[in-house]
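1. Got a predicted structure plus its sequence, pasted below:
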Amino acid sequence: MATVIKHYPMGLGSLLSYTLCVSYTYSTLGLLWGTLAGFAAATLWLLGWMQLTAWYQRCTA
C-alpha cells in the first residue's frame, strides 16, 4: 500500500495529461495519432516528474 501511495501523484499526473491530450487531439488527428500524442504527453509528464523529484532530492541532500 505504501508503494501505491508513494507513486500516486506520478500516475495521476500522467493519466490527466494523457486524457487532456486525447480529448483535444482525437477530433483533429484521429484515433491513431491522437492516442500516440496522448502517450507522448504522458511519457513527457513522467520524465519531467522524475527529473523534478531527482532535482528536489539533490537539493535537500
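-> That came through fine. These figures come from a predicted structure and were not determined experimentally. Residues are numbered from 1 along each chain as shown.

2. Show me where the chain has its helices.
-> 2-60 (DSSP state H).

3. low pLDDT regions in it?
-> In the predicted model of the chain, residues 1, 4-5, 7 satisfy pLDDT under 70.

4. Closest to the centroid, which residue in it?
-> residue 14 (2.4 Å; CA atoms, centre = their mean).

5. residues making contact with stretch 20-36?
-> 37-38, 40-42 (CB atoms under 8 Å, 6 or more residues apart in numbering). Just so you know, the C-beta spots here come from the backbone N, C-alpha and C atoms, and that holds for glycine as well.

6. Return the members of these classed as buried.
-> Buried members of those, scored by 16 or more other CB atoms under 10 Å, are 37-38, 41-42.

7. and those residues as a markdown table, adding distance to residue 56?
-> Formatted as a markdown table, the buried ones among the contacts of stretch 20-36 follow (distance: CB to CB, whole Å):
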| residue | distance to residue 56 |
| --- | --- |
| 37 | 28 |
| 38 | 27 |
| 41 | 22 |
| 42 | 21 |
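
8. Find the nearest non-adjacent residue to the residue nearest to the centre of the chain, please.
-> residue 42 (4.4 Å; CB to CB, 6 or more residues apart in numbering).

9. Please name the residues that touch the one you found.
-> 14-15, 17-18, 21.

10. what's the closest of those to residue 53?
-> Checking the contacts of residue 42 against residue 53 with CB to CB, the nearest one is residue 14 at 13.5 Å.

11. isn't the closest one right up against residue 48?
-> No. Using CB atoms under 8 Å, residue 14 makes no contact with residue 48, being 10.1 Å away.

12. which residues are common contacts for those two?
-> Counting by CB under 8 Å, 6+ apart, nothing touches both residue 14 and residue 48.

13. Quick check: the gap between residue 20 and residue 44.
-> Using CB to CB, to the nearest Å, residue 20 is found at 12 Å from residue 44.

14. ok, now residue 38?
-> Applying CB to CB to residue 38 and residue 44 gives a distance of 11 Å.

15. tell me, what's touching these two both at once?
-> Common neighbours of residue 38 and residue 44 (CB under 8 Å, 6+ apart) are residue 17.

16. Right, I'll leave it there.
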